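Peer 1: Sequence below, structure please.
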Amino acid sequence: MAELLEAVMLVSFGLSWPISVMKNIRARSAKSMSLGFTLLIIAGYVSGITAKIISGKTNYVLAVYIINLLIVSANVAIYIRNKKLDSLKEAGAKAGQEGVAEGKVSANKAATDNVSANKLATVKFSGIKKNSRKTRRSNFHKEAV
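Peer 2: A predicted model of the protein is given here:
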């Protein structure tokens with residue numbers, strides 16, 4: 001009975017991790033993530049797995065620990081990816097600001113190029129895919145595929 005209750009606790013707690021992973025994938029930013037917190041949770045799961053192995057109680061609860069550990073570990077990989085995306089965004093924003101400051105491009109052109117680079121989408125208009133830059137700008141408010 002104790003193993004069943006432990007499994008229920010792990011499953012209940014573990015249901016939040018896939019939601020967190022999806023949220024972090026969609027966010028494409030590490031600004032709302034805490035690597036330290038995630039590593040602390042991983043250390044807890046590793047401790048739980050080690051305790052199960054040392055005590056010799058290797059049952060189905062161990063599988064739940066391992067599944068949760070893998071999902072939480074995915075958050076570390078997503079954190080690293082999102083941190084790189086944040087760096088690229090900051091570098092792009094900085095390059096755009098430097099170009100405006102040096103008078104190489106107008107502020108309006110820099111903003112337009114930034115929107116074009118970040119919002120590349122194939123626009124579906126009248127059932128025909130339009131891929132031209134002019135179409136993306138003028139029809140961006142229409143249905144994006």
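Peer 1: those helices in the protein, which residues are they?
Peer 2: Under the criterion DSSP state H, helices of the chain are mapped to 2-14, 16-27, 35-55, 60-101, 107-118, 133-138.
Peer 1: Let's have those in a markdown table, adding mean neighbour count and mean pLDDT.
Peer 2: In this view, the C-beta of every residue, glycine as well, is placed from N, C-alpha and C. Putting these into a markdown table (neighbours: other CB atoms under 10 Å; pLDDT from 0 to 100) gives the following:
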| stretch | mean neighbour count | mean pLDDT |
| --- | --- | --- |
| helix 2-14 | 13 | 87 |
| helix 16-27 | 14 | 94 |
| helix 35-55 | 13 | 95 |
| helix 60-101 | 15 | 90 |
| helix 107-118 | 13 | 51 |
| helix 133-138 | 13 | 49 |
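Peer 1: Now residue 30: phi and psi?
Peer 2: When read as degrees, to the nearest 10, the backbone of residue 30 gives phi -90, psi 0.
Peer 1: So it is in contact with residue 86, correct?
Peer 2: Yes - in this structure residue 30 lies within contact range of residue 86 using CB atoms under 8 Å: 5.5 Å.
Peer 1: how close does residue 41 get to residue 15?
Peer 2: 14 Å (CB to CB, to the nearest Å).
Peer 1: wait, residue 58 sits on residue 52?
Peer 2: Yes - Residue 58 lies in contact with residue 52 (CB under 8 Å); the separation is 5.9 Å.
Peer 1: Okay, residue 3 and residue 65: tell me how far apart.
Peer 2: On the measure of CB to CB, residue 3 and residue 65 end up 12 Å apart.
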